[in-house]
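J.: here is my input; please provide its structure:
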Amino acid sequence: MASTPITIDTINPKVLECEYAVRGEIVILAQKIQEELKNNPNSHPFDEILYCNIGNPQSLSQQPITFFREVLALCDYPAILGRSETRVLFSGDSIKRASQILDQIPGRATGAYSHSQGIKGLRDTIAAGIEARDGFPVDPNDLFLTDGASPAVHMMMQLLIRSKKDGILCPIPQYPLYSASIALHGGTLVPYYLDEAAGWGMEVSELQNQLESAKSKGIIVRALVVINPGNPTGQVLAENNQKEIVDFCKREGLVLLADEVYQENVYVPDKQFHSFKKVARSMGYGDEDIALVSFQSVSKGYYGECGKRGGYMEITGFSPEIREQIYKLASVNLCSNISGQILASLVMNPPKVGDESYDSYFAEKNAILSSLVRRAQKLEDAFNGLEGVSCNRAEGAMYLFPRIVLPNKALEAAKEAKTAPDAFYARRLLNATGIVVVPGSGFGQVDGTWHIRCTILPQEDRISAIITRLTKFHTEFMDEFRG
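T.: Residues are numbered from 1 along each chain as shown. Reported below is the predicted structural model:
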C-alpha cells in the first residue's frame with residue numbers, strides 16, 4: 001500500500017498552531033463518554049453529560065422565539081401564505097412580515113444565492129435597527145451579512161494580516177476564535193491582560209504598554225479586539241472606559257474590532273451596553289477619525305439561534321478602495337445563508353408595541369433574560385462558596401470564569417499527567433460528574449493562575465443539581481490533593 005501523501009509534518013503549520021479550546025480535548029472526551037452512556041447507561045457514575053462548555057442555548061433546552069420561527073417557516077414555505085388555515089396557525093404580523101421579506105428576495109426564494117453583502121432589503125432593516133439603538137445614521141452599504149460573527153472576524157484577519165510581523169491586540173483571557181484566526185492567517189497575537197482584581201477591568205495603560213512592547217520587537221500592530229460584554233469574563237465596559245479605548249485607537253491609528261454579540265446579555269442594573277459606534281459618534285468622531293468594525297450574531301442574546309448561522313459586521317472608516325477588497329473577500333464565499341440573514345433582520349427589528357405578537361414576544365424575551373440573571377447569580381454564589389475558588393460577578397454575556405487555587409499535590413499530578421492544572425481539574429470534573437467546562441488555559445490567563453469557564457445556560461430547574469454535583473466533586477478533589 002502506498003504511503004499517504006499527507007502527514008502531520010506536511011500540512012500547513014498554521015493549522016497545527018491553531019487551537020480552539022471550546023471544542024477541544026475535554027469536549028471530545030465528553031462526546032466519547034456520551035456514546036458509552038448510550039450503549040451502557042451504567043458505565044459511569046452519572047446518567048447524562050451536562051454541556052457547560054459552549055454558548056449554545058437551544059442545545060440546553062432554551063426555546064426559540066415564536067415570532068422569529070413563524071416568519072422563518074413562512075419564508076421557507078411561501079406556498080402556505082395564502083391558505084386559510086395559515087391564519088389560524090400563525091400570527092397576522094408574522095404573515096405580514098414574511099410577505100414583506102419575500103418581496104425583498106429575488107425570486108422570493110430562500111434557496112437562492114443573494115447579493116454577497118446580504119439581501120439589500122434586509123440590510124436596510126438592520127441599518128434602521130442599529131440607528132434606532134444608537135441614535136446615529138447607518139448606511140446599509142456598510143453592512144456585510146455573514147454566517148454568524150465568526151466568518152466576519154476571519155474576513156477582517158485576512159484583510160489585516162500580511163505576515164507574522166503584523167500583530168492584533170487581543171484581551172487575555174480571550175475567546176479562542178481570535179487566537180485561532182490570527183494563527184491561521186499567519187499573524188501575531190499581542191496580548192493585553194484584563195485585571196481580574198478589578199472585575200476584569202480594561203486599562204488603557206496596559207494597552208499602551210503592550211503596544212510599545214510589540215513595537216520594540218518589530219511587530220506592526222494593526223488592530224485592537226474588544227469583546228463587550230466579555231467572553232469568557234462576563235464584564236460590561238463602562239462608557240467612559242469605552243471613550244478612552246476609542247481615543248487610544250484614534251491616537252495610535254488602530255482598527256477597532258468590536259465584538260458585541262452579547263449586547264442583549266447585561267444582567268446588572270448599574271451597567272448598560274453601549275456600542276463602540278455610538279460611543280465614537282457621541283465623541284464627535286466620524287469615518288475620517290477611526291476605522292471601526294462592529295460584530296453582531298443571532299447566536300447569543302435571548303434568541304440563541306446558533307445553528308441558523310446569522311450575523312453581520314458593520315464597517316466604518318474604510319476608504320472605497322479597501323471596501324472593494326472587503327467586498328471581494330465576501331464574494332469568494334458567494335453569500336451567507338438566507339435563513340441567517342432573515343433572522344439577523346428580525347433580531348434588529350422585532351415586534352413593536354401594538355403588533356399582534358408583541359405581548360408573546362416580550363414575555364418570551366423577558367422570561368429568558370430574567371432567568372439568565374437568576375442562573376448567573378446562583379452559579380456565581382456556588383463558585384464563591386467553594387474552597388480556593390473566587391468568581392467575579394457576572395455582569396453580562398453567558399459565562400462565569402472562576403479562578404481556582406489548586407493544592408500543590410494537584411499541580412504535581414497535573415505535571416505528571418503532562419497537562420495544564422485547570423485541564424486536569426476539568427477532566428476530573430467530567431469523569432466524576434458529567435459536567436463539561438473549558439479550562440482557562442484555553443483562553444489565556446496570567447501565568448500561575450488557573451480558571452475554568454462555565455456557561456450559565458443549563459435550564460433553571462437543572463442548576464441546583466449541577467451545583468450539588470460540582471460542590472461534592474470539588475470537596476472530594478480538594479481533600480484528595482490537600483497538603
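J.: all helices for the stretch 301-450 of the chain, in order.
T.: 320-332, 338-347, 358-384, 408-416, 421-433 (DSSP state H, counting those that start in this stretch).
J.: shaky segments in the chain?
T.: Residue ranges of the chain with pLDDT under 70: 1-3, 18-23, 483.
J.: can you do 50?
T.: The model of the chain has pLDDT under 50 over residues 1.
J.: on that earlier part again, for residue 119, find the nearest of the helices of the stretch 301-450 of the chain.
T.: Nearest to residue 119 among those is helix 338-347; the distance by CB to CB comes to 5.7 Å. C-beta coordinates here come from the backbone N, C-alpha and C atoms, glycine included.
J.: and that closest one, what other elements does it pack with?
T.: helix 66-76, helix 92-104, helix 120-134, strand 143-146, strand 311-316 (3 or more CB pairs under 8 Å, 6 or more residues apart in numbering; DSSP states H and E).
J.: same list, the ones you listed, but as a markdown table with mean neighbour count and distance to residue 327 please.
T.: A markdown table is the format used below for these (neighbours: other CB atoms under 10 Å; distance: least, CB to CB, whole Å):
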| stretch | mean neighbour count | distance to residue 327 |
| --- | --- | --- |
| helix 66-76 | 20 | 26 |
| helix 92-104 | 18 | 20 |
| helix 120-134 | 19 | 13 |
| strand 143-146 | 26 | 8 |
| strand 311-316 | 25 | 10 |
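J.: could you export those as a markdown table, including distance to residue 467?
T.: Formatted as a markdown table, the helices and strands packed on helix 338-347 follow (distance: least, CB to CB, whole Å):
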| stretch | distance to residue 467 |
| --- | --- |
| helix 66-76 | 31 |
| helix 92-104 | 39 |
| helix 120-134 | 36 |
| strand 143-146 | 37 |
| strand 311-316 | 33 |
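J.: so what's residue 480 up against?
T.: By CB atoms under 8 Å, 6 or more residues apart in numbering, residue 480 lies in contact with nothing.
J.: shouldn't it be within a helix?
T.: Yes: remark: residue 480 belongs to a helix, assigned using DSSP: H, G, I helix; E, B strand; the rest coil.
J.: can you check which of the helices of the stretch 301-450 of the chain gets nearest to residue 259?
T.: Nearest to residue 259, of those and by CB to CB, is helix 338-347 at 15.8 Å.
J.: between that closest one and helix 92-104, what angle do the directions make?
T.: Computed by axes from the mean of the first three to the mean of the last three CA atoms, to 10 degrees, the angle separating helix 338-347 from helix 92-104 equals 130 degrees.
J.: list the buried residues in helix 338-347.
T.: Within helix 338-347, the residues that qualify as buried are 338-347, counting by 16 or more other CB atoms under 10 Å.
J.: most widely separated two among the residues you listed?
T.: 338 and 347 (15.0 Å).
J.: in this protein, which spans are strands?
T.: Taking DSSP state E as the criterion, the chain carries its strands at 50-51, 143-146, 166-172, 188-193, 220-227, 255-259, 292-297, 311-316, 389-390, 399-400, 403-404, 435-436, 438-439, 452-455.
J.: kindly reformat those strands as CSV containing distance to residue 115.
T.: Formatted as CSV, the strands of the chain follow (distance: least, CB to CB, whole Å):
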stretch, distance to residue 115
strand 50-51, 36
strand 143-146, 9
strand 166-172, 29
strand 188-193, 33
strand 220-227, 26
strand 255-259, 24
strand 292-297, 19
strand 311-316, 13
strand 389-390, 50
strand 399-400, 35
strand 403-404, 47
strand 435-436, 40
strand 438-439, 37
strand 452-455, 35
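J.: check the offset of stretch 87-104 from the chain's centre.
T.: Centroid separation between stretch 87-104 and its chain, computed with CA atoms, centre = their mean, to the nearest Å, is 30 Å.
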